[in-house]
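In: Just need the structure, nothing else, for what follows:
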Amino acid sequence: MSQVMRDADALLAAGRRATAWAWPTGFPLLDTYLGGGIRAGELCLLGGPQGLGKTTFALQLARNVARSGGACAFLSYEHDATTLLERLVALEAGELFGVDGVPLRRVREALGDVSVSSGSLEDRLGLTPGGAEAVTELRTYAERLLLHRSLGSMTDLDAVREVVRTTLERTERRPLVVVDYLQKVYVPKMPVEDERATVVVEGLKDLALDLEVPVLAIVAADKEGLGPGRRVRLHHLRGSSALAYEADIVLMLNDKYEIVAKHHLIYDPSNADRYRQHVVLSVEKNRSGLDRIDLQLRKRFEQARYETEMVPVDEQLLDDRVFKE
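Out: Predicted structure coming up:
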């Protein structure tokens, strides 16, 4: 410890930080609760039901880091690079022009139009609201956002480490590392999923510490957590209990309509449509600050994004609600 203290004194005397860097998520209220963002050496897990936008949230966070001057290595076991490109263009259009920006559907149509034999991305999207501007904005940070098409039959922890090293060499920055998703990371000769999850989560935590980078890993929920009217919690993450022990931060996404207390719907049915437009992001675990925090986000899935301004949830939330339509 005396050596650690001397090292800290030396850094401070040189006008440098003596604590781990934090990578802001770009969601201001979340960053406040996380103490500035996800820190070097930390493993953050992102869970929730299927189809609720975990990849959307992770990709938006990666974009926010790269756009602010940082670097990101995004390992995608679920989507190819072109799909992520389409989402990023729609996201940028939404950030620049709000709900009037070109939607994801139109971006896909423009990129897939074989009747046009030439033209850059800007040209093809030039007649759409914000399309060309979105592509121009994306180009400003594209070199710092590395996309890796990962394979569940091949991309193991060693490959993840190599992607991180390559990103560091290319960008000369320590990157935020995003793994989409944890249960897909290849572990040879280990057929039991719980054992694989233990190996992967421990490996990702070691990677975060060894390479001094933050790691965000998406985690699938188990069958128990996917039932209707059920709130997905930390113990619903698919795999072993090591997921809860190894993670420094656990964020959970839930559909607000599915987990709001029933009296908010019974006494005012008009709330239903409004609740369906939002998700609840819960800080389930946070070694560096407060946890059990519930924040509300507005979905803009037609533009592959969330609105960045979060607010605390005012309504009562339940783990399991009885109300059904």
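
In: Quick check, central residue of the protein?
Out: Among the residues of the chain, Ala58 comes closest to the average C-alpha position under Cα atoms, centre = their mean, at 1.8 Å.

In: Find the nearest non-adjacent residue to it, please.
Out: Excluding the flanking residues, the one nearest Ala58 by Cβ to Cβ, 6 or more residues apart in numbering is Val178, at 5.2 Å. (C-beta placed from N, C-alpha, C; glycine too.)

In: How far off centre is whichever strand or helix holds the one you found?
Out: Val178 is part of strand 176-180 when elements are defined by DSSP states H and E. Offset of strand 176-180 from its chain centre (Cα atoms, centre = their mean, to the nearest Å): 8 Å.

In: Flag every buried residue along the helix or strand following it.
Out: Sequence order places helix 193-211 as the next helix or strand after strand 176-180, per DSSP H and E. Neighbour counts over helix 193-211 (16 or more other Cβ atoms under 10 Å) mark 196-205, 207-208, 211 as buried.

In: CA atoms only for the helix or strand following helix 193-211, dumped as CSV, please.
Out: Later in the chain than helix 193-211, the nearest helix or strand by DSSP H and E is strand 215-220. Provided in CSV are the C-alpha atoms of strand 215-220 (Å, rounded to 0.1, in the frame of the first residue of the first chain):
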residue,chain,number,x,y,z
VAL,A,215,-16.5,-3.7,-20.2
LEU,A,216,-20.2,-3.7,-20.9
ALA,A,217,-21.7,-7.1,-21.5
ILE,A,218,-25.3,-7.8,-22.5
VAL,A,219,-26.8,-10.8,-20.7
ALA,A,220,-29.9,-12.8,-21.6
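
In: What is whatever helix or strand comes next after strand 215-220 packed up against?
Out: Going down the chain from strand 215-220, the next helix or strand is helix 242-246, by DSSP H and E. Identification of packing neighbours for helix 242-246 by 3 or more Cβ pairs under 8 Å, 6 or more residues apart in numbering; DSSP states H and E yields helix 193-211.

In: Give the bridge partners for the residue nearest to Ala58, please.
Out: With DSSP bridges applied, Val178 shows beta-bridge pairing to Phe74, Leu216.
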